[in-house]
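[1] sequence and predicted model, in that order:
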Amino acid sequence: MAHHELTFSEKFLFPLDHKYVGLQYLWTSLFMAAVGGFMAYCFRMQLAFPGESIPLWGVVTPQNYNAFITNHGTIMIFWVAMPLLIASFGNIMIPLMVGCDDMVFPKLNRLSYQVFFVSTVVLFASYLVPGGGFGGSWTTYPPLSARAEYSLTPLGSSMWLGAVALEIVAFLIGGINFLTTTMNARAPGMKMLDIPVAIWMINIATVLFMFSVGPLVAGAIMLLLDQQLGTSFYVPSGGGDPVLFQHLFWFFGHPEVYIILLPTMGFIAEIVTTFSRKKLFGYKTIIYTSFMVGILSMVVWAHHQFIAGIDPRMANIFSITTIIISIPLAIIFLAYIWTLLGGSIKFELPMMWATAFLLEFLIGGLTGLFLGSSAMDIYFHDNTFVVAHFHYTLMPATFFGGFAALYHWYPKIFGRKMLNGIGKIHFWGTIIPFNGIFIPLFMLGIAGQHRKIYDYTHFPDLMQSGFQDLRIFATSSLVVMLCFQFLFAFNFIMGMRLGEVAGDNPWNSTTLEWACPSPPPHGNFGETLPTVYRGPYEYSVPGSDVDFLPQHIPAKA
Amino acid sequence: MWETLPKSLSTFSGDIDHLFWGVTYLMGFSYVVSMLVIVYLLIAFRRKEGVKAQYIPGESGKHLMLIYIPLALFVCFDMYIDEETAEVWHKAKMELPAADTKVKAVAQQWAWTFVQEGNIETINELHVPAGKTVHVAMESSDTLHSLSIPIFRFKQDVIPGRIITGWFKSKSFTEVKAAKDSMVARYNNRPADDAHALELPVDDAGTASFDIQCAEMCGVGHGIMAARIIVHSQKSYDAWVMAEKEMIQEMQDDAGSSE
């Protein structure tokens, strides 16, 4: 099959090539991360200096504050974590790592990004309509979200809902491609257990998404009818039940956490093996355990509702399933730790981020056991302890894992490495302030500070000596962390011109994406697709004179 | 700079705190051990010239023991958490001891109305006698709210269209007052340059007051939906009820005479 040179429009405007669709998702998600970060800056500044005019925005009104916290959450989950980890790396890496020339349905792929782009536009437009952007928190619980007289955002709430719905459509379309490509278009010789863990994880996440999102869509349609046609699916005065929406939302919402976590776990597996020159410890154990995580994650949702008016007997059951999900995650985690055993570990930038992910995510994982316990949740529900907990899970999953993967595959995508020195400054400039933001939030949460409050000065017990200092410390850390991200932006753009030329396989890695040129041309592998002879992590095989055996190179006779 | 749990002043708050510290020790232990192992491995197996990595697939029974032995310990931690949780949860949320006093709490955007026996209505002030079991019947007239009293470790979402009854029983008034005094002492001992601490509301003799929060997003005014719980000694409570009843009576008399 001959592949022609792509025109500008085929590359950047309406691409069919999976790599350029992936790049569209990548650029959009990085842009949205900046928007979400700016919102965090605005509401954290309001908490540290209540009522004062803040640089780059002005006075944060209660309406602004609620819209910022709502959209910060929404954007970071739906417009950063999912497009960055699943859509962009999924689109770019799946065909490269399973060894085919493109996605099975390139036009669906193009449609997926186009729908995603429209969803982004709708989300931004929702701030500009009368009443402003939706401020009922990203969980959008009715009746607040169902009636304009409660939320005071007659159009903003519906447009917010519409934007999320479009985003979901985009991911469903994209997901079809991920699954079909992985199942049907693998290189000759690649058996199921020769698929790299990253690809497994993206596919497990996609299946989990498809299983869990249906109830949310049904719930969102009913909510939209409540908002615009005055129906009463969730409004008690008309016979509806507000708690029903919470079940539908979290039936999707909790698996969503694992949809974001699993792809990162996959990237970390690729990076840890490559940089410690080790075969992955317990490949099969990891794959099968991940299935178990996926299944279990669908029966834990009501732990978000322990005190939300569900039957207290039910809380016992969900508390137990929630605590149980720590077991498969502990297995995966231990497998990663023991992959380091006996390795030859080199601290390149991807490995530094992978290590940071392991150590920081562990805090998030272990603090989850506090909240999975229904009894402790009485105290910690809607408390900043929860905020600190899920930022310790989602920030390592989205950003630390995301940075690890970007540094790892940047040479493949752009043909050059990012700059090492700036990368190291950016690493420490992100990790240290990150802890500076959320350790104070743990402490304030333990001390009883509830979340989503735009001004704590109305709560004398939360304005005792020392409390405000912690809030100012957290905000200052955030500002420092955000400033260091400009270094990353600089590195990301300048690396394309100034970075060290990478070559096909700069990290001496084994998987198929390193078998094609960097950057891969249209069609990826040229005239003939590679053939796979072995599993994905054959590093330091005894009796071999090199310390890695790529999947596509036949064994010597 | 180093904040911890606030004072624990209801009959079940101590159980929740006990569970919290137990889990903190277990999880702290798990974190420290995992971190030490990771850091040790990273240092011990850093790249050295001429040393080749080992080939460990981690599929044999012997190697999988490296996963399953620490896992067994962690499963024990899980079982401890599950068991303690069920016990504490049962005490705080599934039992409903007989009431000494009943209060109705009505939430609306963005204030609390508390209705005591004898139709005494107070706004954003919940008066309760110390050492007595109080039933709170919670209802909302618009959106979701959540009645949170951190000092009692009490929290319950309030749902329009339903009446949910919760309970708490504070410790004796002496203990409550001592806790409040230590909060005030800490406030008075704040560093001279602490410009951020706000004045604590002053308590009358025979009362101690603490925050009530709304802990569920309820709209634009969610951040100002604050109230106070005022814990009375029995004597002070009786006097307060008497005074309120007299006031209601006077208002009714006035209304009657003006007709």
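    Looks like it came in fine.
[2] which one's the longest helix in the chain?
    This is for chain A. The single longest helix within chain A, with elements called by DSSP state H, is helix A:242-276.
[3] should've been chain B
    For chain B, the helix with the greatest residue count under DSSP H is helix B:13-44.
[4] now do the buried residues in that helix.
    Along helix B:13-44, these residues count as buried under the neighbour rule (16 or more other C-beta atoms under 10 Å in any protein chain shown): B:13, B:15-17, B:19-20, B:23, B:26-27, B:30-31, B:34, B:37-38, B:41-42. All C-beta atoms are positioned from the backbone trio N, CA, C, and that covers glycine.
[5] which of the residues in the next helix or strand after it are buried?
    With elements assigned by DSSP states H and E, the helix or strand that comes after helix B:13-44 is helix B:61-89. Using 16+ other C-beta under 10 Å as the burial criterion, the residues of helix B:61-89 that qualify are B:63-64, B:66-67, B:70-71, B:74-75, B:77-78, B:81-82, B:84-86, B:88-89.
[6] also stretch A:544-557?
    In stretch A:544-557, counting by 16+ other C-beta under 10 Å, buried: A:547, A:548, A:549, A:550, A:551, A:552, A:553.
[7] distance of the nearest residue to the last one once chain neighbours are set aside from residue A:29?
    Think residue A:553. Nearest-residue entry for residue A:553: residue A:533, 7.0 Å, with adjacent residues in sequence omitted and distances by C-beta to C-beta, 6 or more residues apart in numbering or on different chains. With distances taken as C-beta to C-beta, to the nearest Å, residue A:533 is found 35 Å from residue A:29.
[8] check residue A:179 too.
    21 Å.
[9] higher neighbour count, the two?
    Applying other C-beta atoms under 10 Å in any protein chain shown to residue A:179 and residue A:29 shows that residue A:29 carries more neighbours, namely 24 against 16.
[10] so the more buried one makes contact with residue A:88?
    Yes. Under the criterion of C-beta atoms under 8 Å, residue A:29 lies in contact with residue A:88, with a separation of 6.2 Å.
[11] which element is residue B:209 on?
    Counting by DSSP H and E, residue B:209 is part of strand B:207-214.
[12] so where's the chain uncertain?
    Unless you meant another one, I'm taking chain A. In the predicted model, chain A carries pLDDT under 70 at residues A:1-3, A:557.
[13] actually, chain B is the one I wanted.
    Of all residues in chain B, those with pLDDT under 70 make up the ranges B:1, B:258-259.
[14] shouldn't residue A:213 be in contact with residue A:252?
    Yes. Look at residue A:213 against residue A:252 with C-beta under 8 Å: they come within range, at 5.4 Å.
[15] residue boundaries of the strands in the stretch 51-200 of chain A?
    In the stretch 51-200 of chain A, strands defined by DSSP state E, counting those that start in this stretch lie at A:53-54, A:58-59, listed in chain order.
[16] next up, phi/psi of residue B:204, please.
    Main-chain torsions, residue B:204, degrees, to the nearest 10: phi -70, psi 170.
[17] so what's it up against?
    The neighbourhood of residue B:204, defined by C-beta atoms under 8 Å, 6 or more residues apart in numbering or on different chains, consists of residue B:236.
[18] give the contact list for the residue of chain A found nearest chain B.
    Ranking the residues of chain A by distance to chain B (C-beta to the nearest C-beta) places residue A:236 first, at 2.6 Å. When the contact criterion is C-beta under 8 Å, 6+ apart, the partners of residue A:236 are A:143, A:242, B:159, B:160, B:161, B:162.
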